[in-house]
Structures are given as structure tokens and as C-alpha cells.
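> Whatever this is, show me its structure:
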Amino acid sequence: MPAVALSRVGARVVESGPGGENLPASAWQRLEALPDPRSPQGRIYPLACLVAIAVCAFTVAGNDRFTAVGQWIRRASQADLARLRAPWDPLAGRYRAPDEKTIRVVLDRLDPRALARALLGPRPRGRRRSGEPSKASVRDYRARRAAGQAQALARERLKAVAVDGKTSRGARRADGTRVHLLGVAEHGGRLLDHLEVDVKHNETSHFTELLEPLDLDGAVVTSDALHTVRANLNWLVKNKKAHYIAVVKQNQPLLHAQVKALPWRQVPGGSTARETRHGRTETRTLKAAHVSRLDFPHARQAIKITRWRKDTATGKTTRQTVYAVTSLTSAHATAPDLARLVREHWSIEAHHHVRDVTFSEDTSTSRTGSGPANLATIRAAIITAIKDAGYLHVPEGRRDHSTGVPLKAWTL
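Take a look at the predicted model:
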């Protein structure tokens with residue numbers, strides 16, 4: 001199994017040069033800036049080298065555990081180790097390769113916030129150079145790519161991020177609790193940052209800590225009903241100059257009653273969308289009404305979303321009504337814009353789904369120290385790299401790197 005193709009995808013994660021042949025200084029500066037948790041005495045492998053090896057090893061299909069990382073290292077060629085800046089052993093006359101335990105211990109001790117800043121966050125997206133042929137290893141879904149391009153244009157016009165939490169079910173601590181990560185992702189699935197919280201109910205107390213480092217000026221933040229908290233959303237508008245769309249449920253009983261009591265029958269439908277997938281047909285209707293005396297900070301519009309779902313196999317139809325409030329006015333966002341923003345909030349759920357299904361994150365039993373959070377960061381960085389390479393399906397990209405498909409056609 002050629003290891004050179006696998007190390008190239010790691011090069012892409014840290015923004016390699018054309019073809020992934022060399023890792024630029026800026027990439028290594030981010031990795032070398034990581035605080036090294038190890039004692040200075042007895043260090044053999046640079047921290048940046050160990051992180052880069054972990055990224056490369058976890059990219060290949062089937063490499064979801066640390067034992068697979070050890071196998072990948074043993075297969076790595078001397079050329080790959082040289083590109084990953086492994087130390088040279090003058091006595092043996094070859095580059096040294098770390099063992100699995102070395103990688104495991106480092107990821108357990110490494111500061112997860114520092115690693116997230118190094119591997120995640122906004123990155124310039126790769127573009128194909130003029131005259132370069134299409135990637136033979138990327139299948140062409142013309143309809144889906146056209147729809148994706150239209151969505152990308154809409155996202156550029158009105159940028160938005162989604163906030164949601166995820167529990168790593170297999171990472172159970174000694175006290176019985178599970179590792180829970182609160183994350184923020186661009187609409188479209190690119191994870192920007194995440195941090196570990198004690199339990200799911202503590203998500204709201206970490207809301208400002210998560211979003212404080214991000215530039216959210218003019219952006220829209222979407223979240224579920226758990227984050228419909230007055231103090232947090234007031235801080236978001238006043239301090240970050242951002243907007244919000246907050247779902248309203250019974251955890252805010254007075255606000256829910258106010259929004260539900262609005263004269264919705266007199267409000268015309270603003271947006272209707274219909275799609276068939278996953279064995280069901282879903283029709284979504286959105287109504288938006290300006291409000292002036294709603295008892296919630298900076299609320300400018302109330303939203304009513306009605307979903308009809310029909311099971312294509314049984315014919316059973318269900319209906320669901322969801323209410324929300326937003327600081328956006330109709331001048332900022334039309335009804336179709338609001339419908340898109342509400343719908344695309346689930347892109348962060350899709351990202352979590354990929355980590356669970358494709359990388360088996362929910363069955364990963366790594367639970368010591370910062371290991372679970374750092375592994376989640378590496379998986380998120382790999383997902384972004386594969387998507388930026390042009391793949392619509394992450395498993396397809398991982399399989400290509402397993403079989404050594406040439407990646408020189410990648411635009412980096």
C-alpha cells in the first residue's frame with residue numbers, strides 16, 4: 001500500500017504546496033507553535049512531526065484506531081518520514097519512526113484548544129488552476145455540484161455558522177460520564193472550532209467562550225432550542241455584531257406562548273420547499289412576521305415553520321410545527337433566506353454524522369486525557385481536506401488515499 005499518497009492528504013490538511021510534495025513553512029509554524037506537553041529531557045520526535053503523522057494515518061479508510069496508526073507508521077517509507085520531518089538516526093542511517101504509544105501519549109496530553117486552532121478554522125479554499133484537468137478520482141455529480149455551487153453563492157452573500165454539541169458515546173470517563181464537545185461550523189459543514197464541556201446541559205455556559213475568538217461581524221448564528229438564552233444572544237448581537245436565529249420551545253414557555261399566539265393565519269406563506277430523500281417526501285413552509293414588542297432581546301422577526309413528512313413506503317403523513325425568533329429584519333434576509341438558514345443549520349449535524357459513521361467516532365474507546373477531543377479535531381480536519389479536494393463523499397476520498405491514487409491533480 002503506497003504510503004506517499006496517504007501523506008499527501010496530510011499535507012493538504014496543513015496546506016501543502018502544489019501536489020502535496022512539500023509542506024510550507026506556514027503549516028509547520030502552526031504545528032510548531034503548539035505547546036509541547038512533554039518534558040524537554042529525552043525528546044526524540046518533534047511535536048509537529050507526530051501530529052502530522054497522526055493526520056496522515058487517520059486519513060486512510062479503516063484507520064480509526066491507534067493500532068491502525070502504528071501499522072501505518074511501520075509501512076511508511078523513508079521518503080514519507082523525511083517529508084514529515086522525522087528525526088534522522090546517524091547510527092542506523094535512516095529516519096526514525098515513532099511507535100503507536102508515542103502518538104497516543106502525545107495526543108492525550110496535547111492542549112485540545114491549541115490543536116483546534118492549528119488544524120481548524122477558516123482556510124482559503126483550494127481552486128483549480130487554469131488549464132488543469134479534472135480529477136479522475138473524483139466522480140462527477142453534475143446536478144449535485146450545480147446545487148452546491150448555488151448554495152455556496154448564497155452562503156457568501158449571507159454568511160452563517162451553526163452551534164451544536166456532540167457526545168462521544170464510546171469515550172466514557174472513569175466516573176461514568178461521556179466526553180461532550182460543543183462545536184461551531186460554517187453552514188456547509190466546515191468545523192471552525194470546538195471545546196469540551198462537562199455535560200450537555202453545560203453547553204450554554206460555554207457559548208461565549210466558543211464564539212469569542214471568531215470574527216462574526218454580520219454573520220448569522222443558528223442553534224437549537226437549548227441555546228435560546230437571553231444573556232448569550234444579547235452578548236452575540238452587542239459584542240460580536242452578529243445576528244441569530246433561535247428556535248423557541250417549551251424551555252422558554254412565555255416566549256413560546258407569545259410567538260405561538262401571533263395571528264399566523266393572516267401571515268402569507270413566505271417560502272415553500274419540497275424534496276424527496278431518505279425514503280420520505282418532506283414539504284416545508286415558512287412564515288415570517290415582524291414583531292416590535294416581543295419579550296426577547298433584539299428580536300425583530302418571529303418565524304413559523306411547518307413540516308409535512310410522508311413516508312414513501314407506508315404513506316403515513318406527519319406534521320411538525322417549529323417556532324423561532326431572529327434579529328434579522330426583512331431587509332437583511334428574505335423568507336427564502338430564512339428558510340435556507342434554518343435548513344442548513346443541520347449541516348453541523350451532518351458533519352457529526354460523518355465522524356460517527358465514516359470514522360466510527362461513537363465506538364472509539366479512547367477516553368484518557370485530551371485524546372477524545374484531539375482525535376475529533378483530526379477527524380474534522382481530514383473531512384475538510386477531502387471535501388476541499390472535490391469529493392462529495394468522505395468515504396470515497398478515504399478509499400482513494402488507501403489505494404494510492406495519484407493526487408497531483410489536487411488544487412492546493
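
> give me the number of residues near the nearest residue to Ala152 once chain neighbours are set aside?
Of all residues not flanking Ala152 in the chain, Gly188 sits nearest, at 7.3 Å (CB to CB, 6 or more residues apart in numbering). All C-beta spots, glycine's among them, are computed from the backbone N, C-alpha and C. Residues near Gly188, counting by other CB atoms under 10 Å, number 18.

> Wasn't Gly188 part of a strand?
No - counting by DSSP: H, G, I helix; E, B strand; the rest coil, Gly188 falls outside a strand, being coil.

> can you pull the contacts of it?
Gln151, Ala152, Arg155, Glu344, Ser347 (CB atoms under 8 Å, 6 or more residues apart in numbering).

> Please identify the helix or strand for Gly170.
Applying DSSP states H and E as the criterion places Gly170 in strand 160-172.

> In a markdown table: the contacts of Gly188, plus distance to Pro253.
As requested, the contacts of Gly188 are exported to a markdown table (distance: CB to CB, whole Å):
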| residue | distance to Pro253 |
| --- | --- |
| Gln151 | 35 |
| Ala152 | 39 |
| Arg155 | 34 |
| Glu344 | 28 |
| Ser347 | 30 |
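
> Who wins on neighbours among those?
Neighbour counts for the contacts of Gly188, by other CB under 10 Å, peak at Ser347, which reaches 22 neighbours.

> next one: phi and psi at the closest residue to it other than its chain neighbours?
In this structure, Ser347 finds its nearest non-sequential neighbour in Gly189, 4.7 Å apart by CB to CB, 6+ apart. The phi and psi values for Gly189, taken as degrees, to the nearest 10, are phi 110, psi -10.

> Tell me the buried residues in the strand holding Gly170?
Buried positions in strand 160-172, judged by neighbour count with 16 or more other CB atoms under 10 Å: Ala160, Val161, Ala162, Val163, Asp164, Gly165, Lys166, Ser168, Gly170, Ala171.

> how much space between the fourth one and Arg300?
Plainly put, Val163 is 20 Å away from Arg300 if you go by CB to CB, to the nearest Å.

> likewise the last one?
Computed as CB to CB, the Ala171 to Arg300 distance reads 41 Å.

> Now do the SS call for Ala289.
Ala289 ends up strand, using three-state DSSP.

> Sorry, wrong one. I was asking about Ser366.
Quick answer, by three-state DSSP: Ser366 is coil.

> Leaving out chain neighbours, which residue sits closest to Thr368?
That would be Asp108: by CB to CB, 6+ apart, it lies 5.1 Å from Thr368.

> Can you name the two of the buried residues of strand 160-172 that sit furthest apart?
Pairwise distances across these peak at 31.0 Å for Ala160 and Gly170 (criterion: CB to CB).

> Where does pLDDT dip in the stretch 1-150 of the chain?
Across the stretch 1-150 of the chain, the ranges flagged by pLDDT under 70 are 1-27, 123-150.

> quick one, helices of it?
Along the stretch 1-150 of the chain, counting by DSSP state H, counting those that start in this stretch, helices occupy 4-13, 25-32, 47-59, 66-75, 78-83, 100-109, 112-119, 142-157.

> can I get these in JSON lines with distance to Trp264?
Output for the helices of the stretch 1-150 of the chain, formatted as JSON lines (distance: least, CB to CB, whole Å):
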{"stretch": "helix 4-13", "distance to Trp264": "47"}
{"stretch": "helix 25-32", "distance to Trp264": "50"}
{"stretch": "helix 47-59", "distance to Trp264": "49"}
{"stretch": "helix 66-75", "distance to Trp264": "54"}
{"stretch": "helix 78-83", "distance to Trp264": "61"}
{"stretch": "helix 100-109", "distance to Trp264": "51"}
{"stretch": "helix 112-119", "distance to Trp264": "42"}
{"stretch": "helix 142-157", "distance to Trp264": "26"}
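
> between the helix or strand where His351 lies and strand 160-172, how many degrees?
Element membership of His351, judged by DSSP H and E, is helix 347-357. Here helix 347-357 runs at an angle of 30 degrees relative to strand 160-172 (axes from the mean of the first three to the mean of the last three CA atoms, to 10 degrees).

> Now find how far off-centre the following helix or strand past helix 347-357 is within its chain.
Per DSSP H and E, helix 347-357 leads on to helix 371-388 as the next helix or strand towards the C-terminus. Distance of helix 371-388 from its chain centroid, counting by CA atoms, centre = their mean, to the nearest Å, is 8 Å.
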